[in-house]
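# Give the three-dimensional model of this entry:
(one chain, ligands or ions: 1)
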Amino acid sequence: MELIEFLREKNDFVSGQEIADAMHISRNAIWKQIERLRKEGIEIEAVTGKGYRIVDASDAFGEKAIKSFLHTSWLGRELLFFDEIDSTNDELKRRADKGAGEGLVAVADIQSKGKGRRGRAWETPAGVNIAMSYLLRPRLSPDIAPMMTLIMAMAAAKGIKEVSSLDARIKWPNDIVINGKKLVGILTEMTAEPDYIHEVIVGTGMNINTESFPDEIKDTATSLLIEGGRRYSRAKVVAAVTDAFEKYYEIFCTTGDLSMMREDYNAACVNTGAEVRVLDPKGEYDGMAKGIDNRGELIVIKEDGSETRVYAGEVSVRGIYGYV
Ligand code: ATP
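Here you go, the predicted model:
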């Protein structure tokens, strides 16, 4: 076995002695091989008292790494990568104002002004998460905007499941949760005339290798690392989610609604068939969620038996006993 394979298999620090014993080579020979691998661009950490650890290329996060996993035909073919940005949604808005076309994708490691709905903040600390936005110019009427959020949720759930095999579920309309905690948030912003969309920007923040969260959100937030017990390649997640989004979006553009995806959405949604508390600004109420209709509104049977549809714009939904 080559040294590189040995280190990859261990996937953690291995002492020089352990390597020497396993590979029947001298410490000096190990050092020389490590130097050679580093010259080839393979990052290997050396820590006194711990030994060597390969920083696997699967950890690489940048335009090249993402494109090496991407299978789309138009979405993300033009991809902007930022080590740090105020907000990937804001960056795409600036580019859109200058005429950037459909399919432009912005990805960032750090967001200094990440946004949630209703002006709330979204945390994107350094080196662990994904901030990503898509620029879209659907030739549809502006009232479709909330549906774009639901398509993003489906794509995120699908891509994350593919890469991690974890049970990522949708919390209507715009969150992905695992074990009842929030892994992904989605924010859709649109610029439109009454009957014409200039652009829709769909942004998402995904917690991937986050070890811990600030106190305010630590009870409701989670990451793939926390749930899966290992680190995941952010480049792979970006690519898998983007592949899925392109497919869903193309179907959506042919029908102009979610009719072709409704069953999939409801199957992935934690609220389907569950009791919910609807935090409507006009008054809270409880009910049983039946899933979404073709336009992405949540069908809720109220306690008095009447049926209502909850529009995704301004409303949050909770489980009766907690966040989901
Ligand atoms: P709700 O769950 O009430 O419907 P929302 O989906 O509208 O909320 P957003 O406004 O999209 O939530 O997200 C902002 C909220 O998410 C913040 O107020 C904060 O509580 C939480 N939050 C911020 N950063 C993160 C993060 N990295 N991971 C999980 N949750 C976060």
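# Near the ligand, which residues of the chain are found?
With Cβ under 6 Å from any ligand atom as the criterion, the chain meets the ligand at residues 116-117, 120-123, 174-175, 182, 185, 187, 205, 207, 217, 221, 316. Where C-beta positions appear, they are placed from N, C-alpha and C, glycine not excepted.
# Most neighbours among the residues you listed, which one?
Highest neighbour count within the residues of the chain next to the ligand: Asn207, with 27 neighbours (other Cβ atoms under 10 Å).
# close enough to count as contact, it and Ser223?
Yes. Asn207 is within contact range of Ser223, at 3.8 Å (criterion: Cβ atoms under 8 Å).
# closest to the ligand among the residues of the chain next to the ligand?
Gly116 (2.4 Å; Cβ to the nearest ligand atom).
# how much space between the closest one and Thr210?
Note on Gly116: its distance to Thr210, by Cβ to Cβ, to the nearest Å, is 16 Å.
# got the phi/psi numbers for the most centrally placed residue in the chain?
Nearest to the mean C-alpha position of the chain, by Cα atoms, centre = their mean, lies Met206 at 3.6 Å. With angles defined as degrees, to the nearest 10, Met206 sits at phi -120, psi 130.
# Tell me the bridge partners for it.
For Met206, the beta-bridge partners are Ile130, Val184 (DSSP bridges).
# got a list of what it touches?
Listed by Cβ atoms under 8 Å, 6 or more residues apart in numbering, the contact set of Met206 reads Asn129, Ile130, Met132, Ala156, Ile160, Ile176, Leu183, Val184, Val237, Val241.
# now it: how far from Ser68?
Met206 is 19 Å from Ser68, where distance means Cβ to Cβ.
# Just the residues contacting stretch 4-23, thanks.
1, 3, 25-27, 30-31, 37, 42, 44-45, 47, 50-54, 56.
# show me where pLDDT drops low in the stretch 201-324 of the chain?
Scanning the stretch 201-324 of the chain for pLDDT under 70 picks out the ranges 313-314, 320-321.
# What are the boundaries of the helices in it?
224-228, 234-255, 262-268 (DSSP state H, counting those that start in this stretch).
# pull the CA atoms of the longest one into CSV?
Think helix 234-255. Extracted in CSV, the C-alpha atoms of helix 234-255 (Å, rounded to 0.1, in the frame of the first residue of the first chain):
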residue,chain,number,x,y,z
ARG,A,234,-18.9,20.9,0.8
ALA,A,235,-18.1,20.8,-2.9
LYS,A,236,-19.9,17.5,-3.3
VAL,A,237,-23.0,18.9,-1.5
VAL,A,238,-23.0,22.1,-3.6
ALA,A,239,-22.9,20.0,-6.8
ALA,A,240,-25.5,17.4,-5.7
VAL,A,241,-28.0,20.1,-4.7
THR,A,242,-27.4,22.1,-7.8
ASP,A,243,-27.8,19.0,-10.1
ALA,A,244,-31.1,18.3,-8.3
PHE,A,245,-32.3,21.9,-8.5
GLU,A,246,-31.7,22.1,-12.3
LYS,A,247,-33.9,19.1,-12.9
TYR,A,248,-36.7,20.3,-10.6
TYR,A,249,-36.6,23.8,-12.0
GLU,A,250,-36.9,22.6,-15.6
ILE,A,251,-39.9,20.5,-14.7
PHE,A,252,-41.4,23.5,-12.9
CYS,A,253,-40.9,25.8,-15.9
THR,A,254,-42.9,23.5,-18.1
THR,A,255,-45.9,23.3,-15.8
